[in-house]
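Participant: One predicted model, sequence on top.
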Amino acid sequence: MKNCILFTTKHGSTEKASLLLKEKLNAETDIINLKDVKKPDISDYDTVILGASIYMGKIQKQRANLRS
Ligand SMILES: Cc1cc2nc3c(=O)[nH]c(=O)nc-3n(C[C@H](O)[C@H](O)[C@H](O)COP(=O)(O)O)c2cc1C
């Protein structure tokens, strides 16, 4: 079982939450900042989790071009 957490963050809270979630999951979990990896390859993962913060009622924009 292999997980992936894809996230965007403005001030770091979503990154901290991603790290906390990784600790709680009893499985191999990669964490990817979508600002660093524009085209993440998600084909190897059983579960993909998306994390992003909300500002003024809108989820943070960060386009991802996922390969699977
Ligand atoms: C100006 C501003 C607007 C916000 N608007 C919302 C909102 O509409 N809904 C919400 O649930 N949280 C809102 N928040 C809270 C942020 O989503 C929250 O602090 C989040 O953890 C920030 O994550 P980040 O540091 O990964 O960007 C707002 C925060 C700020 C500073």
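Facilitator: Looks like it came in fine.
Participant: I'd say residue 1 and residue 27 touch.
Facilitator: Yes: Residue 1 is in contact with residue 27 according to Cβ atoms under 8 Å; the separation is 4.2 Å. (C-beta placed from N, C-alpha, C; glycine too.)
Participant: ok so residue 18 is a helix residue?
Facilitator: Yes: assessed by DSSP: H, G, I helix; E, B strand; the rest coil, residue 18 belongs to a helix.
Participant: May I have the predicted confidence score for it?
Facilitator: pLDDT recorded at residue 18 is 98.
Participant: need the contact list for it.
Facilitator: 5, 7, 31, 51 (Cβ atoms under 8 Å, 6 or more residues apart in numbering).
Participant: ok, the first one - contacts?
Facilitator: Residue 5 makes contact with 18, 21-22, 29-32, 49-51, according to Cβ under 8 Å, 6+ apart.
Participant: can you check residue 14 too?
Facilitator: Shown in contact with residue 14 (Cβ under 8 Å, 6+ apart): 7-8, 51-53, 60.
Participant: picking that back up, from the contacts of residue 5, which are also near the ligand?
Facilitator: By Cβ under 6 Å from any ligand atom, no member of the contacts of residue 5 lies near the ligand.
Participant: Could you measure from the residue of the chain positioned farthest from its centre over to residue 10?
Facilitator: The centre of the chain is farthest from one residue, residue 56, which by Cα atoms, centre = their mean lies 20.8 Å away. Residue 56 is 12 Å from residue 10, where distance means Cβ to Cβ, to the nearest Å.
Participant: Tell me which helix or strand in the protein has the weakest average pLDDT.
Facilitator: strand 58-59 (a mean of 90; mean pLDDT, DSSP states H and E).
Participant: That one - which strands sit beside it in the sheet, and in what orientation?
Facilitator: strand 54-55 (antiparallel) (DSSP bridges).
Participant: Is the ligand within reach of the strand it pairs with?
Facilitator: Yes: on the criterion Cβ under 6 Å from any ligand atom, strand 54-55 is in touch with the ligand at 54-55.
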